[in-house]
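[1] pasting the structure only:
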């Protein structure tokens, strides 16, 4: 198992030398569910313009989540965007099923998250399935890897086929309540029509998180490493448990 963990860490670190869309408010979420958990979160993201004629892209996201037991957790998300004017972007409902708990002497846990998203005006709706995995290694190191399949519907603008994304994260607790890490987001497009690396969306960057005033915070920077996304993305989030 230790050899397997070392292999996974190596794969992730290689991938991190290679992250999704502008104003990325997404995260590399884990599979764990704790009975009775309740929390709310605010996320703010900014992708500055890369060239003349572009506008800065802001995104604002708020969500509330509630664990029904130690296996299922629901979440409701509301997101707005500002690309010159503030507009509603989408509302999304999620259900996470933590089907594989970490064993006492183990390190791997896994879950499935089901998402349904309703967008503004004539933008297509979306259904997605996330397979999320987490490995808790020694010395406070944590690895996460996610595979996402998504399908659009309900609009003439909906894409045909299955869209594929992956996300990876590695983090380490460094004391004083601080956590540092790296995250990567990859949006490949529709299966069978992936195109070149530069036509896809890939982002990677560092993060740091901690606790202040009884509230968790996280700051993240993502660099666009393909032509399918903007060069810079800044993110800030605050999480409050109840």
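    Perfect, I can see it now. The structure displayed is predicted, hence computed values, not measured ones.

[2] and the helices in this protein, which stretches?
    2-16 (DSSP state H).

[3] can you pull out the low-pLDDT segments for the protein?
    1-22 (pLDDT under 70).

[4] for residue 30, see how far away residue 56 is.
    To residue 30, residue 56 is 31 Å away according to CB to CB, to the nearest Å. All C-beta spots, glycine's among them, are computed from the backbone N, C-alpha and C.

[5] ok, residue 96 next?
    9 Å.

[6] OK, contacts around the residue nearest the centre of the chain?
    In the chain, the centroid-proximal residue (CA atoms, centre = their mean) is residue 27; its distance is 2.3 Å. If you count contacts by CB atoms under 8 Å, 6 or more residues apart in numbering, residue 27 has them with 183, 237.

[7] before we move on, the earlier item: ok, residue 56 and residue 30, which is more surrounded?
    A count of neighbours by other CB atoms under 10 Å puts residue 30 above the other of residue 56 and residue 30, at 19 against 14.

[8] who does the longest strand seen in the chain pair with, and is each partner parallel or antiparallel?
    Ranked by residue count and defined by DSSP state E, the top strand of the chain is strand 86-100. Taking DSSP bridges as the criterion, strand 86-100 forms sheet pairs with strand 72-82 (antiparallel), strand 108-119 (antiparallel).

[9] which residues touch the shortest one?
    Strand 72-82 is touched from outside by 23, 25, 33, 37, 57-68, 86-98, with contacts defined as CB under 8 Å, 6+ apart.

[10] just give me the neighbour total for the residue nearest to residue 146 when sequence neighbours are not counted.
    Distance criterion CB to CB, 6 or more residues apart in numbering; nearest residue to residue 146, sequence neighbours excluded, is residue 167 at 4.3 Å. Neighbour count for residue 167, taken as other CB under 10 Å: 23.

[11] and if you look at residue 169?
    If you count neighbours by other CB under 10 Å, residue 169 ends up with 22.

[12] correct me, but it touches residue 183?
    Yes - with contact defined as CB atoms under 8 Å, residue 169 counts as touching residue 183 (4.6 Å).
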